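>>> after the sequence you'll find the predicted model.
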Amino acid sequence: MQLTVEFGGGLELLCNSVKIHNVNVELQKAAEKLTMKDLLAWIRTNLIKERPEMFMKGDSVRPGVLALVNDCDWELTGQLDTTLEEKDVVVFISTLHGG
Amino acid sequence: MQLTVEFGGGLELLCNSVKIHNVNVELQKAAEKLTMKDLLAWIRTNLIKERPEMFMKGDSVRPGVLALVNDCDWELTGQLDTTLEEKDVVVFISTLHGG
Amino acid sequence: DSGYGHDLSPQMIYRYSRQLLLPSFGVQAQSKLLKSSILVVGAGGLGSPALLYLAACGVGHLGIIDHDVVELNNMHRQIIHTERFIGQPKVRSAAAACRSINSTIQVVEYQEPLRTSNALEIMSKYDIIVDATDNAPSRYMISDCCVVLGKPLVSGAALGFEGQLTVYNYNGGPCYRCLFPTPPPTTACQRCSDSGVLGVVPGIIGCLQALEAIKIAGEVGEPLSGRMLLLDSLSGRIRIVKIRGRSLQCVACGENTTFSKLQFREFDYENFTQSPLTPSPLKLNLL
Amino acid sequence: DSGYGHDLSPQMIYRYSRQLLLPSFGVQAQSKLLKSSILVVGAGGLGSPALLYLAACGVGHLGIIDHDVVELNNMHRQIIHTERFIGQPKVRSAAAACRSINSTIQVVEYQEPLRTSNALEIMSKYDIIVDATDNAPSRYMISDCCVVLGKPLVSGAALGFEGQLTVYNYNGGPCYRCLFPTPPPTTACQRCSDSGVLGVVPGIIGCLQALEAIKIAGEVGEPLSGRMLLLDSLSGRIRIVKIRGRSLQCVACGENTTFSKLQFREFDYENFTQSPLTPSPLKLNLL
Ligand SMILES: [Zn+2]
Ligand SMILES: [Zn+2]
């Protein structure tokens, strides 16, 4: 499945400072759909190059990270159970405190 | 065909100051596709309430108006011949000179 | 006190004429601005443009709170301060700048850090709060205080080349804790003084904060509540995304919350976020 | 002249430390800024924040051209001017403000209208041009002059609650005439003085103009060329759209154009657009 995965707010530093990743996530055999939970596991294995604890906590994102599916907070789409579709854009952004 | 038609930069004043119009444009019988040329004629009849010369010149938009189809300049999509598809977003914006 | 009433003086009509000319703004919104009171917390990178535009447009009562003094390394982004104020309190410098562009508004200076001990008293005097601070505990504290007092909060942040903006606790919308119930690890809480910031990025976000405060005070347009603006200045991209609504489970604003003024006063935000409310300035090793 | 060379003085390292800390900016981009020269045409609503942020961040040579004087009805949006400069030339006021926040850069004042007779000479001295004017003939004239001189142009506009921003004539991208080969009817050319503007809207666009100029001067990020930012402040929406590339048929920058310095000098922009380059100020009937 073709997806765009983007990192911002400093999270890109965990992926060699690359913000936008056009990725092809293979669906698990037997599984019919790809959820955000699956994608997070895939990202942890394939995109995160260092300090994974700065991105995840347990099987979700760490506190202070917003996850957005097609410009919509994943709290509104089903969080870990959100089903992803072809060409979806998933953004992970760390909240900023500076000023 | 369901389209979103938006006006900005002052052009909304020609449509009772309404910027965003969710419209349903019926396809001409015999015609298989809806082009920007068709849409402009439809808008002139159905949306523009006053001073149509501030929106159109001949069968195109007047000088100083940018037409955008799905956030892309219509010069790149075929101008008047651009074929529209279901749920497309068409924006007309008058260039500003103020500062 | 007629200056803050509905009747605009000829001087005011002349000063604000370009806003009065706007059909969707006009005398009505201008009068609301003149009668409104806005507190800007922090007179730094975000506060600089926010304060200048709020003063210029005619917010009747403008409060500024900051405990810091102007330093040379602020000057690349904190454009409200001039070199002659280096070493002096930021509130004094910022207030002087606001008065120099609009002598007809009231500007109040609070030269102290915002803390649980003074926040309720100070913030209760204002209609709208602008969070222009630079650290996580302040952001939780200000949001909680806004919830307790029922005030809308215009929240901006900037770091590096990125900026973020939203309106909290407005018209049934979410508060800061609805979005971030658990504080992030301290290693994820970088400040401009540690990590750097391109000066104009807080400039853009601070202007957008002034815009949102003006929309709320003037009761025009659609404030950025339930939505968040994400700016990536380097790539030139801006996203405005839809965020969650008020959380029923929120400790601060949720359905069964018992969070009160008393609890607010006793809450330890430094311990909660494991970081200080008024960080000691980093001493640079570059010199 | 060592101040503008690669070697940053300890004072400069301290002043710009928060930009130097940024990995994608650092000493390299800061040195380029310090050696760059930027001309801002217009010290009004757009020019105010653009000039302040360009001065603050360390653009080595900053030019300001404006023929106008500061008026009270400018103050709601032109935050670079203080009340004590009312009646005085905007360039003098703006230059004083720039120097007061950064005494280490060079600020040059041109107290005159930009015209075909002086544009080539003045603009040729700068690396980057920022169009912060308020009328159609100036926009065509400045773009044409940038094409003839091969200079990138950061163009912003604001009116009412809306703003627009793009970069012209940069790296093979389009010029103003590529987008607008024919001038609009004069009835479509409203100015802030006629139609009004919410003060903070040019504030936002002016900051974004400073950002684009900094990206070009510092050679960082992706400037907004071939793209245009559209701001609708009332609804809180920002679009960044893809626009056409350079037009082969463009009269100014096209393939077979013969447009030259000589032709530029003799081109009648007021006749072309049917509107004046320096409109006489509207006298308000509100008073
Ligand atoms: Zn809440
Ligand atoms: Zn061209």
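Ah, there it is. Ligands and ions are numbered 1, 2, ... in the order given.

>>> low-confidence bits of the stretch 51-200 of chain C, can you list those?
C:189, C:192-193 (pLDDT under 70).

>>> I'd like the distance between the closest residue to chain A within it and ligand 1.
Of the residues in the stretch 51-200 of chain C, the one nearest chain A is C:P184, at a distance of 2.8 Å by Cβ to the nearest Cβ. Heads up, the C-betas are built off the backbone N, CA and C, glycines and all. Distance of C:P184 to ligand 1, given as Cβ to the ion, to the nearest Å: 17 Å.

>>> next one: C:V69
As judged by Cβ to the ion, C:V69 and ligand 1 stand 34 Å apart.

>>> mind listing what that residue touches?
Taking Cβ atoms under 8 Å, 6 or more residues apart in numbering or on different chains, we find C:V69 in contact with C:G87, C:Q88, C:P89, C:K90.

>>> quick one: the helices in the chain?
As the question left the chain open, I've gone with chain A. Counting by DSSP state H, residue ranges of the helices within chain A are A:36-46.

>>> was after chain C, sorry
Going by DSSP H, chain C shows helices at C:10-15, C:17-20, C:26-35, C:47-57, C:90-101, C:119-123, C:136-149, C:176-179, C:192-195, C:200-218, C:261-266, C:269-273.

>>> what is the last one packed up against?
Packed against helix C:269-273, as judged by 3 or more Cβ pairs under 8 Å, 6 or more residues apart in numbering or on different chains; DSSP states H and E, are the following elements: helix C:136-149.

>>> which residues does A:L84 bridge with?
Counting by DSSP bridges, A:L84 forms beta bridges with A:L34.

>>> what's the neighbour count on the closest residue to C:G47 other than its chain neighbours?
Once flanking residues are discounted, C:G47 sits nearest to C:A132: 3.8 Å by Cβ to Cβ, 6 or more residues apart in numbering or on different chains. Residues near C:A132, counting by other Cβ atoms under 10 Å in any protein chain shown, number 32.

>>> hang on, C:A132 packs against C:P49?
No - using Cβ atoms under 8 Å, C:A132 makes no contact with C:P49, being 9.5 Å away.

>>> identify the contacts common to those two.
C:G206.

>>> for whatever residue of chain A ends up closest to ligand 2, name its beta-bridge partners.
Using Cβ to the ion, the closest approach of chain A to ligand 2 is made by A:I20 at 30.3 Å. Beta-bridge pairing for A:I20 (DSSP bridges): A:E6.

>>> now do the contacts for it.
A:T4, A:V5, A:E6.

>>> quick one: it from A:E6, how far?
In this view, A:I20 and A:E6 are 5 Å apart by Cβ to Cβ, to the nearest Å.

>>> could you do C:V107 as well?
Distance of C:V107 to A:E6, given as Cβ to Cβ: 41 Å.

>>> leaving out sequence neighbours, find the closest residue to the closest residue to chain D within the stretch 1-150 of chain C.
Using Cβ to the nearest Cβ, the single residue of the stretch 1-150 of chain C nearest to chain D is C:L21, 3.1 Å away. Closest residue to C:L21 apart from its sequence neighbours, by Cβ to Cβ, 6+ apart: D:G196 at 3.1 Å.

>>> pretty sure that neighbour contacts C:G26?
No - between D:G196 and C:G26 there is no contact, the gap being 9.1 Å when judged by Cβ under 8 Å.

>>> which neighbours do these two share?
C:L20.

>>> between these two, point out the one with more neighbours.
D:G196 (25 against 15).

>>> contacts only, for C:T278.
C:T278 touches C:H67, C:P113, counting by Cβ under 8 Å, 6+ apart.

>>> circling back to that earlier point, which among the contacts of A:I20 count as buried?
Using 16 or more other Cβ atoms under 10 Å in any protein chain shown as the burial test, the contacts of A:I20 include A:V5, A:E6 as buried.

>>> which stretches of chain A form strands?
A:2-8, A:20-24, A:34-35, A:56-57, A:60-61, A:65-69, A:83-84, A:89-94 (DSSP state E).

>>> okay, these in CSV with distance to B:N70 and mean pLDDT next?
Output for the strands of chain A, formatted as CSV (distance: least, Cβ to Cβ, whole Å; pLDDT from 0 to 100):
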stretch, distance to B:N70, mean pLDDT
strand A:2-8, 17, 97
strand A:20-24, 19, 97
strand A:34-35, 26, 94
strand A:56-57, 35, 95
strand A:60-61, 31, 96
strand A:65-69, 20, 98
strand A:83-84, 22, 96
strand A:89-94, 15, 98
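
>>> roughly how far apart are the residue of the stretch 1-150 of chain C closest to chain D and ligand 2?
For C:L21 relative to ligand 2 (Cβ to the ion), the value is 34 Å.

>>> same question for C:P152.
From C:P152 to ligand 2 the distance is 46 Å (Cβ to the ion).

>>> so that residue touches C:N169, yeah?
Yes - counting by Cβ under 8 Å, C:N169 is a contact partner of C:P152 at 5.8 Å.

>>> between the two, who's got more neighbours?
C:N169 (28 against 21).

>>> residue contacts, the more buried one?
Taking Cβ under 8 Å, 6+ apart, one finds C:S143, C:C146, C:V147, C:G150, C:K151, C:P152, C:L153, C:C175, C:C253 in contact with C:N169.

>>> just give the closest residue to the second one, not the sequence neighbours.
Going back to what we said before, that points to C:C146. C:C146 sits nearest to C:L153 (Cβ to Cβ, 6+ apart), 4.3 Å away.

>>> partner residues bridging that neighbour?
Here C:L153, judged by DSSP bridges, has bridge partners C:I129, C:Y168.

>>> surely it touches C:A132?
No - applying Cβ under 8 Å as the test, C:L153 and C:A132 come out as separate, 11.2 Å apart.

>>> report the closest residue of chain A relative to ligand 1.
A:E75 (12.4 Å).

>>> count the neighbours of that residue for me.
Other residues close to A:E75 by other Cβ under 10 Å number 18.

>>> and for the closest residue to it other than its chain neighbours, the neighbour number?
The shortest distance from A:E75 to any non-neighbouring residue, by Cβ to Cβ, 6+ apart, is to C:R244 (3.9 Å). If you count neighbours by other Cβ under 10 Å, C:R244 ends up with 16.

>>> enumerate every residue touching C:R244.
C:R244 neighbours (Cβ under 8 Å, 6+ apart): A:D73, A:E75, A:L76, C:P174, C:C178, C:L179, C:G226.

>>> now do the fourth one against C:L198, distance only.
It refers to C:P174. Distance of C:P174 to C:L198, given as Cβ to Cβ: 29 Å.

>>> these two: which has the busier surroundings?
Neighbours per residue (other Cβ under 10 Å) separate C:P174 from C:L198, with C:L198 holding more: 33 against 25.

>>> kindly list the main-chain dihedrals of that one?
phi -70, psi 130 (degrees, to the nearest 10).

>>> need the buried ones from the contacts of C:N169 selected in PyMOL.
Here is the PyMOL command that selects the buried residues among the contacts of C:N169 (16+ other Cβ under 10 Å):
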select buried, chain C and resi 143+146+147+151+152+153+175+253
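
>>> right, is stretch A:52-71 up against chain D?
No - shown here: stretch A:52-71 not in contact with chain D (Cβ under 8 Å from any Cβ of the partner chain), separated by at least 12.2 Å.

>>> so what's the backbone phi/psi at the closest residue to chain B within chain A?
Across chain A, no residue is closer to chain B than A:D71, which sits at 13.2 Å (Cβ to the nearest Cβ). Here is the backbone geometry of A:D71 (degrees, to the nearest 10): phi 60, psi 30.

>>> count the neighbours of the nearest residue in space to it that is not next to it in sequence for me.
Spatial nearest neighbour of A:D71, excluding adjacent residues (Cβ to Cβ, 6+ apart): C:V241 at 4.5 Å. Neighbour count for C:V241, taken as other Cβ under 10 Å: 18.
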